[in-house]
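>>> this one's structure only:
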């Protein structure tokens, strides 16, 4: 067995897994706080990548400024979407809200095609491109940088979620909305906060994904891969998203290397089936008991 | 009842009312006659015009190509019509957007064929070409070409009324491999392709072709559709150490990341692509890593100022800004189709699908005005001709690095 190859493949898989985990976090956050399965997360990610493209390539702003403006605008988009589309749907059937997010995804694709056109583009290089070797093992510098950025964001988010007052309110709302209301927590504001933070995370993931694979209006399909991640991890588990992201990244890489690229999705979906059979609420999801 | 009492029983009609009724009747009659006349004119127009229908992907994932194809067909139709049409009959281009969805393409085909009687049709995908084939044969009035270069379509027995304005994907591999064998006999090659019908198309026949040319296929790497990171695949490629790696089944991503990581690892592999990866904008959009990227292209690029390419000069006059290789494909497709119409009419035959296809297949050593740099023939469903171009990022141009390569009917 070529252990160096195994090590390199594993590193590459964990790098990709970091991106899955970051995007999965955006997905879980919205579900945890609002019980909305947001299928537009991939398109929000795509929008983030295009906003960065617009600032960095279109307006030729410095990269740091383009990143900040992208995150800021993503927050505005998140707040706007929640206030205009999601909040009026409060109390409606979950299927209606689910469908609304599908429609939102289509709208975002249309808007991006109108502004930037349908052609694939490359983002300006803002991640390091110098080769990175750990001993003899090669790791793509972009993947390493993206993993590091994702890790920093995840840790920052977990700390905020754990200790910041808004984060505590978010957790309280996720646990029990009625109790949160009775304790004086402004639940609608918490919903807005969840969408704002999730859109910022999605935009950051979009910039990282776009820096590696290029951007196109269809890149939102990445969000569908992440749907598998959050189902495996547990729809309402932040920890589950992190673990499942890394696990699926690793699994895909190993399947691709040793079985062939055509087995990557097969391996992922086989894992999904097994997890759903053994733990229908995901590896770390809340096991809800319905009492009749 | 006397005549007078009868008249008294009728309501008196005032002269004004009588006049108004008269005008109304006259107007209605004139309207009916006019409508009938218009219908006659419409029928006459329909009979005289030659309709070119199209299921064109103007939106959706393939819009970058659809826009070019659309412009190319439009321009050729304009050139023909400005020249008086074909034997006095004008061309009429009737496109409809499909968003690159088969159901929408089929619906567009049904709408266009029910409203007009197209003799020429452009389809947007392999799936559409295969789906509509029985209907095309049942209709029997038209020939069809399209955006697909699928090997499967290059079978005149199964697809008797279709063709492609270039080499099929297997022939593209054949042209690339011929160049590799000529440049570096016995070279090690790898194929990198997407796990789609498009991607898988030329892989197995390409492997056979490579072996026949004395080349060694050291690795075939498949990537799932839409994959972002290709680190795993590049690591596999590094171990295979090929002299050449041919990408197929992609437009742009993940080619630049692939090349970038391979360069970071110090690999000296030369990377190649097929038609849809080879547009100037797509290649230059890859950035610096594109420098030296090669591929097969059946058409000259828009900015080629070769002396024997007057048609490119004409295109540049019509459209001063860069036009894609998809534009050239649409333009040449329309040119070949109208050539078939011209030959059919000149022979005094009806414009049926089989007559048009026979006329198309009679094309031999045809001058495309320099769009393809050598005279072409179309004995079957494809034109197995192409040339290897290489990206020069400093000059921001695709430059030819081979002569025109023509394969024989066996692909050799």
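It's in. In this text the structure is predicted, and so the values were computed from the model without any measurement.
>>> okay, and for chain B, where does confidence drop off?
By pLDDT under 70, the low-scoring segments of chain B are B:1-47, B:409-412.
>>> Can you pull the domain assignment for it?
As given by automatic domain parsing, the domain ranges for chain B are B:49-167+B:305-381, B:169-297+B:388-406.
>>> possible to save those as a markdown table with distance to chain A and mean neighbour count?
The C-beta positions use only the backbone N, C-alpha and C, and glycine is treated the same way. Output for the domains of chain B, formatted as a markdown table (distance: least, C-beta to the nearest C-beta, whole Å; neighbours: other C-beta atoms under 10 Å in any protein chain shown):
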| stretch | distance to chain A | mean neighbour count |
| --- | --- | --- |
| domain B:49-167+B:305-381 | 4 | 20 |
| domain B:169-297+B:388-406 | 3 | 21 |
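>>> Between those, which one is closest to residue A:167.
domain B:169-297+B:388-406 (29.7 Å; C-beta to C-beta).
>>> Identify each buried residue in stretch A:212-230, please.
A:212-220, A:222-223, A:225-230 (16 or more other C-beta atoms under 10 Å in any protein chain shown).
>>> where's residue A:49, which helix or strand?
helix A:41-53 (DSSP states H and E).
>>> quick one: is that helix near chain B?
No - using C-beta under 8 Å from any C-beta of the partner chain, helix A:41-53 never reaches chain B; the gap is at least 10.3 Å.
>>> gap between the helix or strand following that helix and the chain center?
As assigned by DSSP H and E, the chain's next helix or strand after helix A:41-53 is helix A:63-81. Relative to the centre of its chain, helix A:63-81 is centred 15 Å away, using C-alpha atoms, centre = their mean, to the nearest Å.
>>> low pLDDT regions in the stretch 151-292 of chain A?
A:289-292.
>>> returning to that earlier point: among the buried residues of stretch A:212-230, which ones lie close to chain B?
Within the buried residues of stretch A:212-230, those near chain B by C-beta under 8 Å from any C-beta are A:212, A:213, A:214, A:216, A:217, A:218, A:219, A:222, A:225.
>>> which one of the residues you listed sits closest to residue B:355?
residue A:218 (41.1 Å).
>>> How about the closest one: what's its closest non-neighbour residue?
residue B:61 (5.2 Å; C-beta to C-beta, 6 or more residues apart in numbering or on different chains).
>>> what about the one you found, which SS state?
coil (DSSP: H, G, I helix; E, B strand; the rest coil).
>>> That one: what's it in contact with?
A:118, A:216, A:217, A:218, B:100 (C-beta atoms under 8 Å, 6 or more residues apart in numbering or on different chains).
>>> Farthest-apart pair in those, please.
A:216 and B:100 (13.0 Å).
>>> residue ranges of the helices in chain A, please?
Remark: helices assigned in chain A by DSSP state H are A:3-34, A:41-53, A:63-81, A:94-116, A:141-163, A:165-175, A:177-182, A:187-213, A:222-233, A:238-258, A:264-278.
>>> Assumed residue B:221 was part of a helix.
No - checked against three-state DSSP, residue B:221 lies outside a helix; its state is strand.
>>> and it, bridged to which residues?
For residue B:221, the beta-bridge partners are residue B:192 (DSSP bridges).
>>> Surely it and residue B:195 touch.
No - the pair residue B:221 and residue B:195 fails to qualify as a contact (C-beta atoms under 8 Å) at a distance of 10.4 Å.
>>> So for these two, which residues contact both of them?
residue A:261.
>>> Contact partners for residue B:168?
B:149, B:150, B:151, B:153, B:154, B:202, B:381, B:382, B:384.
>>> wait, isn't the third one in contact with residue B:172?
No - counting by C-beta under 8 Å, residue B:172 is not a contact partner of residue B:151; they are 9.6 Å apart.
>>> who touches both of these two?
residue B:202.
>>> Tell me where the stretch 201-350 of chain B has strands.
Along the stretch 201-350 of chain B, counting by DSSP state E, counting those that start in this stretch, strands occupy B:216-223, B:244-248, B:270-273, B:294-297.
>>> Can you tell me what sits against the last one?
The set of residues that contact strand B:294-297 without belonging to it, under C-beta under 8 Å, 6+ apart, is B:167, B:172, B:175-176, B:270-275, B:277-278, B:283, B:325, B:386-391, B:398, B:401.
>>> I'm done for today, thanks for sticking with me.
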